[in-house]
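**Student:** would you be able to build a 3D model of this:
(chains A and B)
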Amino acid sequence: MKLIDYFIIAFRNLSRRKLRSFLTIIAVVIGSVSVIVMISLVIGARNVFMQQLESMGALTMVTVSRSDEISSGGPNLQLGGGDSNSLNGTKLDDAIVDKVKAIPHVTGVSPSVSLWDFETISLLGDTKKYRPDIIAIEPNGTLRLDAMAGRTLQSNDLRKILLSAGLAKKFGYKDNPEQLVGKKVILTAKGYYTGDGVDVKKPPVNADENWWKEQENQIREVEAEIIGVASSGMNDSQSYVSLDWARLVQTRRNWKYDDAKRKELEQQRQAEDEVLKQQEKRGGARIDWEARNLEWQQQMPDLMVLETTNQITENGYGSILANVDDMNNVEDVAKQVEALGVGASTAKDFLDSLSQLLKVAGLILGAIGGVSLGVAAIGIINTMVMATYERTKEIGVMRACGATKATVRQLFTFEAALLGFWGGVIGLAISFGLAMLGNYFGNQYLTSQNISLSNIITFPWWLILGVVGFTTFIGTLAGLYPASRASRLNPVEALRYE
Amino acid sequence: MIQLSGVTKTYKMGDETIYALNKVNLVVEKGEFIAIVGPSGSGKSTLANVIGGLDSPNSGKVVVEGEDLASRNDHDLSKYRNKKVGFIFQTFNLQPGYTALENVTIPLIFGRISPSKRKKRAEECLKMVGLGNRMKHRPNQLSGGQRQRVCIARALANDPEIIIADEPTGNLDTQKGAEIVALLKELNKKKNITLIVITHDTSVAKQADRVLTIQDGQIKQSR
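**Tutor:** Model (predicted):
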């Protein structure tokens, strides 16, 4: 029997029981659609991640951190990150910045710190408070920041903030972020915050423990102007400020005694006291020691000076972002950064774990789809076993007319494979329709979110071939048992079958 | 020439062994018309099926044109049925969804004949049985006699040397049955096809060159 005849006869046999074949195929269709949808979701998610990373410049970014511990988070978490409290490793100071800048292929460098000083953020005139996630960067283009409303950061922006899309949404300006531009936000900090934007009260003469406690329990408020709303990228919860302002914010100011001057004055006073005491002893005028003491006390605040310490100078930057001219040079630059004795992480680590994660997700989702394909396979087995019962006599006639066991087996296997094949093809067509629909609505959503992405759901050619191939394979597999059953029928008994 | 020597075929029915054929010896000459008669369950069909290569004996030899069927595997036996034997059934066993022409092409498909030759040959066969004007009809559009003619045309498709007909007139009225037997006899004489007919009908048996009566798996009487 020729191959084309198998095709024609199998097709005709399936058409004889149209409804049953159709229902069997439907099961395969459901299975293949779910497999395709699951897999294309994973592929789509991957594409979105990649494009977002690319648009953020994260793929050509090397993040320099204090120690060479590899952060397990994504590149976003590393921005500005670098826990300021962990002071292990080399301090990230301007010397390191210059050294990183000097590495070949590095096109731009921006130190960054996390503004953990502020505990809440709220819109001026609004009582609702939110937890801010503020990163300070040098707005020199190293980290690509786009504003969907207002403008992006400039380096001399003091008390100005590029608000995150997430906060804009929380503030209730999801659809009209441009109305936020120019408005003020209130950032609050604990009492010990003595950075930019607050008055640091000089302790009075009678400052006691309670006075200090009161100061500490005060809530400091700093005002900042919204200059723009950041485009919602992969991380829409991060707000940005300039590094220049961060330097002021992270400058601590404390009133302290000028110890040298105090000692000098004290010695001077003691010497005077001594002279006065002698005079008193010799019978001079009596001295009002109490008044003199009080007078001395009154002088003390004048001895206080406002001492400033810059925490960034002290502890270094949280991290340093370095832009590399080409993705292929990223690893090379990272190695040279590590040679400086500091840590370097790239999107590669993140991408690796992302791929791993997506692979697992794909496997799980694929398995879910696989279950429905498994059910479909049982449907095919059922249909074909029923066909062998129904067509027992026909099988006898075929054998009498010269069909070998192999011919009968192949014919039934072919029919089952055809069921799988059509299930795959129809499933693909339906998935294609679903994808078009999904992309249509997806694009609308993305546009409304100001995300420059479109047609997220795509079918790579290997998925198309793979799915049709796989369902055909499943059909073939499901046909093996019924086909072997049909081929093993005794032709004499088959002919006698009623 | 067909030679059977010591052919035994048994079936198990529960604990009992039934001898469908019990040491049967038989010689059928090329071009002979043989009628096999006997009560049901006597082994008539088994004898025909063993000769036709559909069934194989437990012991004994079946030699057709000098070739021992017992030594052949499924592939060769299928080829033997395809090329040398034509089967005709009481219930016709036509494919209901196929036209008369398509039904006749079935053995040609298994014989790997090309589609154009298939069609030509099937048309020839249908004309031979007098159905030249019914080629596109489906079995349910044909009368019983016409259906049996399609069945005969199908048996003729690969120009066989033997035609085995199991109760070919069993589902037909007397007149149509007589026509069918006449057709078979004509083919037997004209084309020198060995014709083996299993029948209950004495009027059919009368026309045969030789009548074999089978009882309890043995040939009892031979005319």
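**Student:** find the closest residue to chain A in chain B.
**Tutor:** For chain B, the residue positioned closest to chain A under C-beta to the nearest C-beta is residue B:82, at a distance of 2.3 Å. Where C-beta positions appear, they are placed from N, C-alpha and C, glycine not excepted.
**Student:** report the mean per-residue pLDDT for the one helix or strand that residue maps to.
**Tutor:** Per DSSP states H and E, residue B:82 falls inside helix B:74-84. Averaged over helix B:74-84, pLDDT sits at 94.
**Student:** what residues of it count as buried?
**Tutor:** Across helix B:74-84, burial judged by 16 or more other C-beta atoms under 10 Å in any protein chain shown covers B:77, B:78, B:79, B:80, B:81, B:82, B:84.
**Student:** so who does the residue of chain B closest to chain A touch?
**Tutor:** By C-beta atoms under 8 Å, 6 or more residues apart in numbering or on different chains, the contact set of residue B:82 is A:401, A:402, B:107, B:110, B:111, B:158.
**Student:** flag the shaky bits of the chain, pLDDT-wise.
**Tutor:** In the absence of a named chain, chain A is used. Within chain A, the segments meeting pLDDT under 70 span A:68-88, A:233-234, A:449-452.
**Student:** the chain in question should be chain B.
**Tutor:** Scanning chain B for pLDDT under 70 picks out B:222-223.
**Student:** just the CA atoms of stretch B:12-29, as CSV, please.
**Tutor:** The C-alpha trace of stretch B:12-29 is given here as CSV (Å, rounded to 0.1, in the frame of the first residue of the first chain):
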residue,chain,number,x,y,z
LYS,B,12,-10.5,-25.3,21.6
MET,B,13,-14.0,-24.8,22.9
GLY,B,14,-13.7,-24.8,26.6
ASP,B,15,-12.0,-28.1,27.5
GLU,B,16,-13.1,-29.7,24.3
THR,B,17,-11.0,-29.9,21.2
ILE,B,18,-13.1,-29.6,18.0
TYR,B,19,-11.7,-31.0,14.8
ALA,B,20,-12.7,-28.5,12.1
LEU,B,21,-10.6,-30.5,9.7
ASN,B,22,-9.3,-33.9,10.5
LYS,B,23,-6.5,-35.3,8.3
VAL,B,24,-8.1,-34.0,5.1
ASN,B,25,-6.5,-35.1,1.8
LEU,B,26,-7.7,-33.3,-1.4
VAL,B,27,-6.5,-32.5,-4.9
VAL,B,28,-8.2,-29.8,-6.9
GLU,B,29,-7.1,-29.4,-10.5
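**Student:** buried ones in that stretch, by neighbour count?
**Tutor:** Of all the residues in stretch B:12-29, those buried under the rule 16+ other C-beta under 10 Å are B:19, B:20, B:21, B:22, B:24, B:26, B:28.
**Student:** next: stretch A:58-69.
**Tutor:** Buried residues in stretch A:58-69, counting neighbours by 16+ other C-beta under 10 Å, are found at A:58, A:59, A:60, A:61, A:62, A:63, A:64, A:65, A:66, A:67.
**Student:** what lines up beside the host helix or strand of the fifth one in the sheet?
**Tutor:** Assigned by DSSP H and E, residue A:62 falls within strand A:61-65. Using DSSP bridges, the neighbouring strands of strand A:61-65 in the sheet come out as strand A:319-324 (antiparallel), strand A:343-346 (antiparallel).
**Student:** adding mean neighbour count, write those strands out as TSV.
**Tutor:** Shown next, in TSV, are the strands paired with strand A:61-65 (neighbours: other C-beta atoms under 10 Å in any protein chain shown):
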stretch	mean neighbour count
strand A:319-324	26
strand A:343-346	24
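**Student:** show me where the stretch 201-350 of chain A has strands.
**Tutor:** Residue ranges of the strands in the stretch 201-350 of chain A, as given by DSSP state E, counting those that start in this stretch, are A:220-230, A:239-242, A:251-257, A:304-310, A:319-324, A:343-346.
**Student:** over to chain B?
**Tutor:** Per DSSP state E, chain B carries strands over the ranges B:2-13, B:16-28, B:33-37, B:59-64, B:67-68, B:85-88, B:162-166, B:194-198, B:210-215, B:218-222.
**Student:** same list (the ones you listed) but as TSV, adding distance to chain A.
**Tutor:** Compiled in TSV, the strands of chain B are given as follows (distance: least, C-beta to the nearest C-beta, whole Å):
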stretch	distance to chain A
strand B:2-13	10
strand B:16-28	10
strand B:33-37	16
strand B:59-64	15
strand B:67-68	16
strand B:85-88	4
strand B:162-166	9
strand B:194-198	13
strand B:210-215	16
strand B:218-222	20
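**Student:** can you put the ones you listed in CSV and add distance to residue B:153?
**Tutor:** As requested, those are exported to CSV (distance: least, C-beta to C-beta, whole Å):
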stretch, distance to residue B:153
strand B:2-13, 24
strand B:16-28, 24
strand B:33-37, 19
strand B:59-64, 23
strand B:67-68, 27
strand B:85-88, 10
strand B:162-166, 12
strand B:194-198, 15
strand B:210-215, 26
strand B:218-222, 31
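**Student:** quick one: the residue of chain A positioned farthest from its centre from residue B:165, how far?
**Tutor:** In chain A, counting by C-alpha atoms, centre = their mean, residue A:283 sits farthest out from the average C-alpha position, at 84.5 Å. Remark: distance between residue A:283 and residue B:165 (C-beta to C-beta, to the nearest Å) = 165 Å.
**Student:** what of residue A:443?
**Tutor:** Counting by C-beta to C-beta, the separation of residue A:443 from residue B:165 is 72 Å.
**Student:** neighbour count: these two, which is higher?
**Tutor:** Just comparing residue A:443 and residue B:165: by other C-beta atoms under 10 Å in any protein chain shown the higher neighbour count belongs to residue B:165, 27 against 15.
**Student:** show me what contacts residue A:296?
**Tutor:** For residue A:296, the contact set (C-beta under 8 Å, 6+ apart) comprises residue A:269.
**Student:** which residues touch residue B:153?
**Tutor:** Going by C-beta under 8 Å, 6+ apart, residue B:153 touches B:100, B:104, B:122, B:125, B:126, B:128, B:129, B:131.
**Student:** neighbour-wise, which of these leads?
**Tutor:** Neighbour counts for the contacts of residue B:153 peak at residue B:104, which has 30 neighbours (criterion: other C-beta under 10 Å).
**Student:** nearest spatial neighbour of that one, skipping sequence neighbours?
**Tutor:** Distance criterion C-beta to C-beta, 6 or more residues apart in numbering or on different chains; nearest residue to residue B:104, sequence neighbours excluded, is residue B:122 at 3.9 Å.
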